[in-house]
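# output the structure for:
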Amino acid sequence: MTHPVLPHWHRSMTMAGAVRTAATRAPDKIALRHGTITRTYRDFSNRIERIANAAVRDLAIAPGRTAAIFAGNAIEYLEITAGVPEAGVPVATVSAKLTPAELGAVCDDALSEVLFVDRATASIAKAAAFKTVRRIIEIGPEFESWVAEHGDAIARPSIDEWSIWTIPYTSGTTGQPKGVMLSHRARLLSYIVRAGAYGCFGNEDRFLSITPMNHGPGVSFPMNALIFGGFAEIMDRFDPVETLRKLKNEGFTGIYTVPTHFHEIFNLDAATLGRYRRPPIKAIISNSAPLTQSAKVKIVDYFGDGVLNELFSSTENGMMTNLPPADQIRKPGSVGLLFPFVQLKIVADDGRACGPGEIGELFSNSPYHFAGYWNRPIETAAAFKDGWVSVGDMARRDADGHLYIVGRKKEMIITGGVNVYPIEVEELLATHPAVAEAAIIGVPDAKWGEKVVAFVAPKSGAALSLADMTSFCASRLAAYKIPKDIVIVPTLPRNQSGKVMKRELLAQVTTQ
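Residues are numbered from 1 along each chain as shown. Coordinates of the predicted model:
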């Protein structure tokens, strides 16, 4: 995508530049902790500069090519994703759970010439058959030697804020992953607005980071804390007891979560839950997949009023709406009102604008959205329609302007010629006393075109049947929305960001 030609006196925002400024305010303050490893602001900023210098001096990545990182959570992950783009090279962030074949496909798609790995992922990378990767650098002694040898000051290219910062790959719940180009400008503007919305990114705040760093929020939320001079601690992975303990006892004021985290928390025994109830936290920011209303009620009861926020966003659209604490119970099912500078429209199949209560495809326009799919002009053109972005969410708005997501266009079920939105049925099944979690999919059917099928994970010790589900739904849903089949599963398959992998569910019933 094209962007404005900036005047020579314009000072662009970049991720490294934001850290550089933060380091001048309190250089000796601890910025980051990961296990026993810490970085002061001075050290963090200096290392980013040296990584940028080393990338210019030694990597020689061709224009139009990238670096990639295939690693678990680490301080170095933040340093690499802030430093390497200062050399004019975007960084593709790759899930650390991929197989060698999957890793090779993503790196080749990203045109990655250099791959950063860690000790746990190095063997997988060495087993991959790459077409574009010509060099692998392992985080640890090899990485430190590389920075030490090549990190001295050197002339670097001028980076403007519209340049691509990172390229996370979409989760691929319904298809093949695509690289999503994110600019410095889009991400930094969103950080500024989030700081105002959530109140947990100030100089004295402490943010706990528990999500994988290849998943966009795993990098962006700790960076959000750092550009304002706060503190961020990185955990290797989510552990419900350790997370609750830290929130209760270590003064953390903010945390980013996905719904799966709460599912694990509320499966803890009563004594553990009682020990850590009502931690002194300012903001819980939930995102990635919708929270059921029953889950919101539990969260508000356990963590207290004035804490839970539900952020609605996508990798492509960026952040769109927020449901603040005051509306969690008052506006059931809503994902809130618009963030500053965001415009949304809901469009019917015939192209007209939907009125209040009408369901249509959701489009957004804001300074936070992506810059296109990496090397996929056709898919980019399909996502952008006259400057408006859609990823296929179906939505409605109420008379007060609150937004409600009813499902994905690709997931909508047409049964007997009538539309069924899975989220409505899933929300209802989640209230059944024997259901731990549920997902709804459409399965090809000779009579109905598609039939509604429920995948249900029962609570421990509970038994469920199709008759139970039918009876439970009969007085609450129209007959065509009631599942015609039920599949009992121990848990629902989810990706790293907590989204249910519905194509895996579909494969279970179409390959039998």
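
# can you find the helix or strand of the chain with the lowest average pLDDT?
strand 418-420 (a mean of 79; mean pLDDT, DSSP states H and E).

# hmm, who's touching it?
Strand 418-420 has contacts (CB atoms under 8 Å, 6 or more residues apart in numbering) with 359, 412-414, 440, 442, 452, 480-481. For the C-beta atoms, the positions are set from N, CA and C on the backbone; glycine is no exception.

# list the buried residues in that strand.
By neighbour count on 16 or more other CB atoms under 10 Å, the buried set for strand 418-420 is residue 420.

# what's the answer for stretch 450-460, then?
Buried, per 16+ other CB under 10 Å, within stretch 450-460: 450-458.

# report the lowest-confidence entry in those residues.
Within those, residue 450 has the lowest pLDDT, namely 84.

# helix/strand/coil for it?
strand (DSSP: H, G, I helix; E, B strand; the rest coil).

# tell me who's in contact with it.
Residue 450 touches 413-415, 442-444, counting by CB under 8 Å, 6+ apart.

# thinking again about what came up before, how far away from the center of its chain is the least confident helix or strand of the chain?
29 Å (CA atoms, centre = their mean, to the nearest Å).

# give the pairing partners of that strand; include direction for each.
Using DSSP bridges, the strands paired with strand 418-420 are strand 413-415 (antiparallel).

# which of the residues in the partner strand are buried?
413, 415.

# show the average pLDDT along that strand.
The model assigns strand 413-415 a mean pLDDT of 84.

# do the same with stretch 425-441
90.

# contacting residues around it?
Contact partners of stretch 425-441, identified using CB under 8 Å, 6+ apart, comprise 263, 292-295, 333, 411, 413, 420, 422-423, 452-460, 462-464, 468-469, 472-473, 476-477, 481-483, 491-492, 500, 502, 505-506, 509.

# from these, which would you call buried?
Judged by 16+ other CB under 10 Å, buried ones among the contacts of stretch 425-441: 263, 292-293, 295, 333, 411, 413, 420, 422-423, 452-458, 464, 468-469, 472-473, 477, 481-483, 492, 500, 502, 505-506.

# in helices, which of those fall?
263, 293, 295, 422-423, 468-469, 472-473, 502, 505-506 (DSSP state H).

# can you lay out these as TSV showing distance to residue 312?
TSV is the format used below for those (distance: CB to CB, whole Å):
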residue	distance to residue 312
263	19
293	15
295	15
422	17
423	13
468	32
469	29
472	28
473	27
502	19
505	23
506	25
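
# farthest-apart pair in the contacts of residue 450, please.
Largest separation among those by CB to CB: 414 and 443, giving 12.0 Å.

# one step back: now distance to residue 283 too, for the buried residues of stretch 450-460, in a markdown table please.
Compiled in a markdown table, the buried residues of stretch 450-460 are given as follows (distance: CB to CB, whole Å):
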| residue | distance to residue 283 |
| --- | --- |
| 450 | 40 |
| 451 | 42 |
| 452 | 37 |
| 453 | 37 |
| 454 | 34 |
| 455 | 33 |
| 456 | 32 |
| 457 | 29 |
| 458 | 33 |
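
# residue 228: which of those is nearest?
When the buried residues of stretch 450-460 are compared for distance to residue 228 (CB to CB), residue 457 wins out at 39.8 Å.

# ok, that closest one - contacts?
Applying CB under 8 Å, 6+ apart, the residues near residue 457 are 435-438, 488-492.
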